[in-house]
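> Model the following, please.
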Amino acid sequence: MKKLFLLTFICFVQFSIVAQNPTPTKPRVLISTDIGGTDPDDNQSMTHLLMYSDLFQLEGLVSSPSYGDGNKEEILRMIDLYEKDLPKLKKHNKKLAQPKYLRSITKQGLKGNASFSGFTKATEGSDWIIKCAKKQSDQPLWVLGWGGLEDIAQALHDAPEIQNKIKIYWIGGPNKKWSANSYAYIVKNFPNLFFIEVNSSYYGFFSHNNEPDTVKTSDYFDTAIQGAGHLGKDFKSYYDGEIKMGDSPSLFYLMDGNPDNPGRESWGGSFEKITHSPRTIYHGTTTLKDTVAYCSIIEMHLKGPKKELPINTVCFTMEIPYGNNIQKWSGYYLGNGDYAIRYIPKKAENIHYQIRSEIAELNGLEGDIVVTNLWPGKQQKDSYILGNNWYSDKSDSSLFDGKIQGGKTILKWRNAILEDWTKRWDWLK
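Numbering: from 1, shown residues only. Below is the predicted model of the structure:
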């Protein structure tokens, strides 16, 4: 009898580790995505969203590409594929979203990143965020950021009253590099937002304990997706069918347990409060004696000639090697001979940069900086102080997945997530 009880208890514990916990209410969701841009993992995540659309009150699909060629037409193309598969899907789940409705909530946001001010002008996408946020509801609007923050920052700038009506789960990391100015605008002006800033944990979903952003061989496509309808055929177009889906943890988070408690165990990660967003201001170029935490704001001010130029005019670029390429980042004129740039590194490394400009005093300047591997690191005198509802990747070293801070808080659920998805792929076979 004791052996039977022990066996039952062990099975219960094992099940409870991977079991999906119920979400209290079906969450209101708006997606901001750079789909169609340089990283096709958004297409993979969009496929997942469409196949699980019954679990969310979808209110917006906003194209917000801070970098690359993302556009709402790519969202609409994915909806077209979903519509072709919907008859088979609906045999198993009649609550999936209607394609006509999904098209009606698809909007175009800003193409490109914001200037030093962090905002530019209203877009169809930013206006839609405001409209959805202002709806009468007992629930907040969850804004899931899969790309840049430009339209979210614009919406907050144009209607600051919505800050108490939205909750944000943002996949930062590389997206922070492209949205450095919009991110700085938000943390400076809206520190009391409910904001889950995920700079590294999400890598745990597709990591192999190696460098971030790598996709390794797996057999999930061959065993679960191959032959599964139009969405399945399209999935092969992204990383040759290998699983990345770096934005999907935002969906997992809302599918498993109470999203109002970021510290809980969940499919989409477990997070801790942070009290500051690190920023270091330099007046002049830097050297290897200068050290910052990864994903922190480097704000560099350079002295140059006083010119009669509009504020936020692009006057120089900072060039940084990236693999076999060179990434170029815009620097701006702030008036009175002050030229400034923000840069946010996505990983621990030593960075060397060069300044290119038609302004002789700036052209040819170069420097170095050391980036460390623990976010957010120590508070600096120029750091932005945050309110009580800003959360980020857990800093406990035991939760690192290789070099990935907080990675194990998602890695541990990967099999359960994919097994659950396999059931829905089977509907299309």
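
> quick one, strands of the stretch 1-150 of the chain?
Assigned strands in the stretch 1-150 of the chain, in chain order: 28-33, 57-63, 106-108, 141-145 (criterion: DSSP state E, counting those that start in this stretch).

> Quick check: pLDDT value at the residue lying closest to Gly36 once chain neighbours are set aside.
Leaving aside its chain neighbours, Gly36 sits nearest to Glu74 (3.3 Å; criterion: CB to CB, 6 or more residues apart in numbering). All C-beta spots, glycine's among them, are computed from the backbone N, C-alpha and C. On pLDDT, Glu74 comes in at 96.

> which other residues reach whatever helix or strand Met318 lives in?
Using DSSP states H and E, Met318 falls within strand 313-322. With CB atoms under 8 Å, 6 or more residues apart in numbering as the test, strand 313-322 has contacts from 115, 300, 302, 304, 309, 326-333, 339, 341, 343, 351-359, 362-363.

> So, low pLDDT: which residues of the protein?
By pLDDT under 70, the weakly predicted segments of the chain are 1-19, 209-217.

> Need the nearest residue in space to Glu366, chain neighbours excluded.
Closest residue in space to Glu366, ignoring its immediate chain neighbours: Gln354 at 4.5 Å, by CB to CB, 6+ apart.

> ok, that neighbour touching Asp368?
No: using CB atoms under 8 Å, Gln354 makes no contact with Asp368, being 10.6 Å away.

> tally of neighbours for the residue nearest to Gly36?
Using other CB atoms under 10 Å, Glu74 has 22 neighbouring residues.

> Inside strands: which ones of the contacts of strand 313-322?
Of the positions in the contacts of strand 313-322, 300, 302, 326-333, 339, 341, 343, 351-357 sit in strands, assigned by DSSP state E.

> Just list the residues touching the nearest residue to Phe316 once chain neighbours are set aside, thanks.
Using CB to CB, 6+ apart and skipping the chain neighbours, the partner closest in space to Phe316 is Ser357 (3.5 Å). Applying CB under 8 Å, 6+ apart, we find Ser357 in contact with Cys315, Phe316, Thr317, Gly331, Asn363.

> which of the residues you listed are buried?
Neighbour counting by 16 or more other CB atoms under 10 Å classes Cys315, Phe316, Thr317, Gly331 among the contacts of Ser357 as buried.

> What residues are recorded as beta-bridge partners of the third one?
Same thing as Thr317. On the basis of DSSP bridges, Thr317 takes part in beta bridges with Ser330, Arg356.

> Look up how far Tyr343 lies from it.
According to CB to CB, to the nearest Å, Thr317 and Tyr343 sit 11 Å apart.
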